[in-house]
Structures are given as C-alpha cells and as structure tokens.
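Asks: Test case, fold it:
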Amino acid sequence: MTLRDVAYLPYADPDDFIREVTDLIWVQRDISHIYDNYEPNSIVHGPLGTATGVEQVVQGSMMRIAQTPSHVGQAEDVIWEARGDDAFLSSHLVLGIDPIPTTTGLVTVRSRTIANCLYRRGRMVEEWVVRDSLAHCLQMGIDPAQAARAATFVGYTPGFSEPPPQDVLACGDSGPRPDDHRAECETVLAMIDGVWNRRNLSLVGEYFERDLVLSTVGDRTVVRPHGYQEDFLRLIQAFPDAVFEVRDVQTHHAERYGGLRVAVVWKMVGRYTGVADYGPLTGERIELLGVSQFQFHRGRIVREVRIFDTVGLIAQIDATRGEREFVFDNLY
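Replies: Residues are numbered from 1 along each chain as shown. Purely as a prediction, here's the structure:
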C-alpha cells in the first residue's frame with residue numbers, strides 16, 4: 001500500500017511528522033497548533049472515557065503543560081502503518097522527563113505515554129492515548145487513590161464499547177489495514193489469547209526470548225519469563241474474569257527503533273471481584289484501555305512496553321461504587 005505525501009506534508013514521512021508535531025506542541029509550547037493538527041470534531045479515547053472536539057484537547061494540553069513547565073518528551077518509538085493512501089495510524093511511545101517544583105525542591109519524574117493517532121491528510125481524526133499516571137504518583141509521593149478522587153470517569157462512546165473487530169488483522173477500530181508482517185502479528189495475537197486470556201503462563205517462553213524486557217506502569221522494568229508472569233498476575237488478580245480484547249494492530253520495521261515492532265491497542269474487560277488492590281470490591285464491570293508495543297528479533301518477542309492509566313482505572317472503579325459493598329463470592 002503506497003502512502004501519498006498528502007498524508008504527512010510538510011514533513012518527510014509519518015515518523016518525522018509525529019515527532020516534530022509533538023515537540024512543537026509539548027516542548028516548544030505552540031498549543032495553538034492543535035487547531036491546525038486536529039479536526040474540529042476529533043475523537044480521543046483516554047483513561048477517563050471518550051472526549052469529542054478539539055477544544056477539550058487544547059484545554060487539557062494547556063493544563064498538562066502548565067503542570068510540567070520544563071517538560072521534555074523524547075520519542076522512544078513511532079510505529080506507523082498506512083490506512084489507505086492518504087492516512088496513517090501511528091503509535092507514538094514518549095518518554096517524559098519532567099522536573100516538577102515542589103515545596104522541598106525539584107522532583108524529576110520519569111513516565112511514559114503512548115498515543116495511537118489516526119491521521120487523514122495531515123489531520124488527526126481519532127486518538128487512543130494512555131499515560132503512566134502511577135509513575136507520576138509514586139515519584140511525587142501522591143496516593144493514586146487520592147489522585148483518582150480528583151478525576152471523573154465519564155465512559156466510552158458506544159463504538160468503543162461494542163465487541164472487538166472480528167478480524168483485527170484485516171480491519172481494526174482505525175479501519176482496514178495492509179497485511180504486513182503477518183507472522184509476527186499472529187504471534188502477538190496467539191500470545192494474547194494463550195497467555196493473557198487463557199492464563200497459560202507457561203507459554204511465555206514460547207513467544208518471548210529468555211532475556212525479555214517488559215517496561216510497564218510505575219516506571220517499572222521486568223525481566224525474564226518469570227518476572228513477566230508475576231507482573232501479569234499482579235495486573236489481573238483484582239479482575240479474575242478479565243478478558244483482553246484486541247482493538248487494533250499496526251506494524252513497522254525501522255533500524256532507528258531496533259527493527260520490527262508490533263503495536264496493539266487492547267481493552268481489558270472484567271469485574272472488580274478479586275484481590276482488593278483498589279479499595280473495597282464492587283463486583284462491577286470495568287473497561288481498561290491499554291497499549292502494548294512489542295519488539296521482535298528473529299521471530300520472537302524481545303521487548304514489550306505496556307502502558308495503561310492506573311489513576312483512571314481507580315476513578316472508573318470509584319464511579320461504580322454503590323451504597324452496599326460487594327461480598328466476595330469465590331468459593332474455590
């Protein structure tokens with residue numbers, strides 16, 4: 001599939017487009033460029049639900065920039081893939097280095113964000129964005145539950161709450177995709193089905209290299225299959241019936257970022273009935289938006305970056321609380 005330059009002009013290619021536009025807005029602080037970059041009716045799916053319209057993006061970006069006045073966002077990866085001949089879907093992994101003033105001096109916060117953006121003719125039409133809010137809380141000495149009380153979960157638009165695409169390798173939430181690097185894409189999908197959904201954690205060593213590296217929320221780094229298994233169990237122990245839906249896939253090969261990578265937008269759907277990691281159990285359904293980027297070497301996964309928003313998850317759980325506390329009902 002040949003991508004015409006109308007998709008990314010005036011930049012050299014989609015990679016250059018994403019890196020330069022992000023730097024212009026977030027580092028050089030040309031917030032007004034958002035009006036040129038986003039469609040007026042753009043859609044953004046984030047940790048607190050779905051926002052519609054460019055004004056929410058402008059105002060939200062302005063507030064974040066004000067809170068991190070010395071922000072530097074370094075592009076760790078840009079995985080882009082064509083969506084027709086005039087559009088592309090990018091998965092932009094950003095490492096944020098934020099010196100934040102406090103009453104006791106500067107605290108430098110490290111955290112990652114992944115923004116999956118669908119651009120058509122150089123304008124953003126839909127975005128799926130996740131941030132490592134847990135890293136910010138831990139490094140600033142803030143209780144994530146307290147941070148969640150200042151947030152409001154509004155929910156997702158009906159389209160994002162519908163069942164996932166039937167054949168995500170042919171057409172994901174962002175539209176039809178080219179059939180690129182099918183073997184590696186099928187490896188990722190098989191891993192998600194076997195390890196994440198069917199809970200066969202012994203398969204980690206089949207899909208991943210022994211020396212795997214997982215970078216995940218809380219600015220944590222996990223190594224080797226055993227560490228990967230423990231981290232996954234930590235994620236789902238509060239939601240024992242969780243199912244991971246794959247909403248979109250894109251791939252790209254670039255020497256700049258270490259070869260072939262596969263990006264996946266996923267949604268974890270489950271009930272808060274397990275370990276009470278986020279306050280009293282509710283028994284209610286949650287939808288956790290997440291993005292993972294997988295790096296391949298000789299057909300196996302060597303690295304995963306997995307980001308989701310913990311504060312947004314707690315805010316969503318809090319929004320479902322009723323007057324009565326859920327009574328744990330697993331009798332096994």
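Asks: mind listing the helices for this structure?
Replies: 14-26, 33-37, 54-67, 133-140, 144-149, 158-161, 182-191, 204-207, 224-236, 310-319 (DSSP state H).
Asks: winner for burial among these?
Replies: Among those, the stretch with the highest mean neighbour count (mean count of other C-beta atoms under 10 Å) is helix 310-319, at a mean of 24. The way it works is simple: take the backbone N, C-alpha and C, and place the C-beta from them, glycine included.
Asks: now the angle from that helix to helix 133-140?
Replies: 110 degrees (axes from the mean of the first three to the mean of the last three C-alpha atoms, to 10 degrees).
Asks: Which helix or strand in the protein has the lowest average pLDDT?
Replies: None of the helices or strands of the chain scores lower by mean pLDDT, DSSP states H and E than helix 158-161, at a mean of 86.
Asks: How far off centre is that helix?
Replies: 17 Å (C-alpha atoms, centre = their mean, to the nearest Å).
Asks: What are the contacting residues of it?
Replies: Here helix 158-161 makes contact (C-beta atoms under 8 Å, 6 or more residues apart in numbering) with His45, Thr50, Gly155, Asp173, Arg247, Lys267, Glu287.
Asks: can I assume the third one is in contact with Thr50?
Replies: What it means is Gly155. Yes - taking C-beta atoms under 8 Å as the definition, Gly155 is a contact partner of Thr50 at 7.4 Å.
Asks: higher neighbour count, the two?
Replies: Here Gly155 and Thr50 are compared on neighbour count by other C-beta atoms under 10 Å; more neighbours surround Thr50, at 19 against 13.
Asks: thinking again about what came up before, buried ones among the contacts of helix 158-161?
Replies: Buried by 16 or more other C-beta atoms under 10 Å: His45, Thr50, Asp173, Arg247, Lys267, Glu287, out of these.
Asks: Go through these and name the one nearest Glu325.
Replies: Glu287 (21.7 Å; C-beta to C-beta).
Asks: in the sheet, who's paired with that closest one?
Replies: Val269 (DSSP bridges).
Asks: State the number of residues packed around Arg83.
Replies: 24.
Asks: ok now do it, which residues does it touch?
Replies: Arg83 makes contact with Leu89, Leu118, Arg120, Ser174, Gly175, Pro176, Arg177, according to C-beta under 8 Å, 6+ apart.
Asks: Tell me the one of those residues nearest Ile25?
Replies: Distances from Ile25 to the contacts of Arg83, taken by C-beta to C-beta, are shortest for Leu118, at 17.4 Å.
Asks: pretty sure the closest one is in contact with Val125, am I right?
Replies: Yes - using C-beta under 8 Å, Leu118 is in contact with Val125, at 5.4 Å.
Asks: These two - which one has more neighbours?
Replies: Leu118 (21 against 17).
Asks: per-residue pLDDT, that one?
Replies: As predicted, Leu118 sits at a pLDDT of 98.
Asks: what do you get for Met1?
Replies: 64.
Asks: For the residue nearest the centre of the chain, give its distance to Thr320.
Replies: Nearest to the mean C-alpha position of the chain, by C-alpha atoms, centre = their mean, lies Val291 at 3.2 Å. For Val291, the distance to Thr320 equals 23 Å [C-beta to C-beta, to the nearest Å].
Asks: One more: Val243?
Replies: Using C-beta to C-beta, Val243 is found at 18 Å from Thr320.
Asks: So for the two, which residue has more residues nearby?
Replies: Thr320 (15 against 12).
Asks: Low-confidence ranges, the protein, go.
Replies: 1 (pLDDT under 70).
Asks: what about the strands in it?
Replies: 38-46, 49-52, 72-82, 87-102, 105-120, 123-131, 171-172, 175-176, 208-216, 220-223, 243-254, 259-271, 285-297, 300-308 (DSSP state E).
Asks: what pairs with the first one, and is each one parallel or antiparallel?
Replies: Think strand 38-46. With DSSP bridges as the test, strand 38-46 is paired with strand 49-52 (antiparallel), strand 123-131 (parallel).
Asks: Buried deepest among those strands, which one?
Replies: strand 123-131 (a mean of 21).
Asks: got a list of contacts for it?
Replies: Here strand 123-131 makes contact (C-beta under 8 Å, 6+ apart) with 37-39, 42-47, 111-119, 173-174, 247-248, 265, 289-291, 307-309.
Asks: Now the buried members of these.
Replies: Using 16+ other C-beta under 10 Å, the buried members of those are 37-38, 42-47, 111-119, 173-174, 247-248, 265, 289-291, 307-309.
Asks: Please name the nearest non-neighbouring residue to Leu169.
Replies: Closest residue to Leu169 apart from its sequence neighbours, by C-beta to C-beta, 6 or more residues apart in numbering: Cys185 at 5.6 Å.
Asks: Check whether that neighbour really touches Thr251, as I assumed.
Replies: Yes - in this structure Cys185 lies within contact range of Thr251 using C-beta under 8 Å: 6.3 Å.
Asks: shared neighbours, these two?
Replies: With contacts defined as C-beta under 8 Å, 6+ apart, the residues adjacent to both Cys185 and Thr251 are Val262.
Asks: sorry, back to before: Leu260 versus the residue nearest to Leu169, what's the distance?
Replies: 10 Å.
Asks: cool, Pro10 as well?
Replies: Taking C-beta to C-beta, one finds Pro10 at 28 Å from Leu260.
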